[in-house]
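Engineer: Kindly generate the corresponding structure for this input.
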Amino acid sequence: MLLEVLIAILIFAIGLLGIIGLQAASIKEAAGAEYRSIAALQANDVIGRMWASDRTAATLQANFASSSGPVYLNWLTAVNASGLPGVTTTPPTITFTTVAGGGATPVSSSLATVTIFWQAPGDTVAHSYVALAQLTN
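Structural biologist: Residues are numbered from 1 along each chain as shown. As a prediction, the model looks like this:
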């Protein structure tokens, strides 16, 4: 009878350890989802600022180009204060590509690529979120 009790306690302990492992994985995934949400929110914020500004290619490049634009620098301050871990190690980037328009009256537009990097505690590699927006005049 004592052997049966010991085996039952062993099985119970193994099950309990499994549940604790699942809980730890769940917490890690929830934190990852929070970081992705913050990155998406920050990317959408800068894209909204682009849409509200003058959308000519030269103005977008001057105001939002990584590390030089005044609007970019203000946005970078908000990203650094957003709570994303490790975001100051690799700053976010914004690049622009000119896209030729088609149709009877071709209008060129700019394709903005916003990339935000972060590295959660305990992670060995940085994660990134990329958002694309096509901005026409």
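
Engineer: Let me know the secondary structure of the residue at minimal distance from the centre of the chain.
Structural biologist: By CA atoms, centre = their mean, the chain has its centre lying nearest to residue 39, at 3.0 Å. What DSSP: H, G, I helix; E, B strand; the rest coil gives for residue 39 is helix.

Engineer: mind checking how far the residue nearest to it when sequence neighbours are not counted is from residue 71?
Structural biologist: Computed as CB to CB, 6 or more residues apart in numbering, the closest residue to residue 39 that is not its neighbour in sequence is residue 129, at 3.7 Å. In short, each C-beta sits where N, CA and C put it, glycine included. Taking CB to CB, to the nearest Å as the measure, residue 129 falls 19 Å from residue 71.

Engineer: what lines up beside the helix or strand hosting the residue nearest to residue 39 in the sheet?
Structural biologist: Residue 129 belongs to strand 127-136 when assigned by DSSP states H and E. Applying DSSP bridges, strand 127-136 is found paired with strand 109-118 (antiparallel).

Engineer: Let's see the strand it pairs with as PDB, backbone CA atoms only.
Structural biologist: What follows is strand 109-118, C-alpha atoms only, in PDB (Å, rounded to 0.1, in the frame of the first residue of the first chain):
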ATOM      1  CA  SER A 109       3.900  57.500 -54.500                       C
ATOM      2  CA  SER A 110       6.300  56.600 -51.700                       C
ATOM      3  CA  LEU A 111       6.400  53.100 -50.100                       C
ATOM      4  CA  ALA A 112       7.400  53.600 -46.400                       C
ATOM      5  CA  THR A 113       9.000  50.600 -44.600                       C
ATOM      6  CA  VAL A 114       8.900  51.000 -40.800                       C
ATOM      7  CA  THR A 115      11.000  48.400 -38.900                       C
ATOM      8  CA  ILE A 116      11.000  48.300 -35.100                       C
ATOM      9  CA  PHE A 117      13.400  46.000 -33.200                       C
ATOM     10  CA  TRP A 118      13.300  44.800 -29.600                       C
END
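
Engineer: buried residues in that strand?
Structural biologist: Residues 109-110, 112, 114-118 are the ones in strand 109-118 that count as buried (16 or more other CB atoms under 10 Å).
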